[in-house]
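>>> here are the coordinates; sequence isn't available:
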């Protein structure tokens, strides 16, 4: 199998605090992993760096042959759109969009995850107990 993710001597410091300190590992294509550890151990920092949302202060991360740390903002935007997807810990939700609307937007935009977007666009219109249709918002309210 080929290496899909490779971190070499990865460091991420916030002032004098190091969230990641000389971390090295690789993940083969098709391999399933779990990132586990106590609160504050650097799990979110690591995922954010691999996902192109944050940059390492030392070392490097290569994903599918691309060095994430060497990318400019335009390349990072393309990388995030084509290679990764996020489900955030916090509620980063858009209160006026529905699941169906997001699926339709993704298909129209040529989203890299077309299969998922197509499946979303097939969602049935929900109804309440009286048979009235409604579109619940993607929100925690």
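Cool, got the structure. Because the structure is a prediction, the values reported are computed rather than measured. Residues are numbered from 1 along each chain as shown.
>>> tell me how the protein divides into domains.
Following automatic domain parsing, one finds the domains of the chain at 3-83, 91-141.
>>> going by mean pLDDT, which of these comes out lowest?
Ranked by mean pLDDT, the domains of the chain bottom out at domain 91-141, with a mean of 57.
>>> list the buried ones in stretch 38-46?
42-46 (16 or more other Cβ atoms under 10 Å). (C-beta placed from N, C-alpha, C; glycine too.)
>>> which one among those gets closest to residue 18?
Nearest to residue 18 out of the buried residues of stretch 38-46 is residue 42 (Cβ to Cβ; 8.4 Å).
>>> so how far is residue 56 from the closest one?
Look at residue 42 and residue 56: by Cβ to Cβ, to the nearest Å, they are 11 Å apart.
>>> which residues do the two both contact?
12, 20 (Cβ atoms under 8 Å, 6 or more residues apart in numbering).
>>> pretty sure residue 67 sits against residue 56.
No - applying Cβ atoms under 8 Å as the test, residue 67 and residue 56 come out as separate, 10.6 Å apart.
>>> the two: which is more packed in?
residue 56 (22 against 12; other Cβ atoms under 10 Å).
>>> alright, I will stop here.
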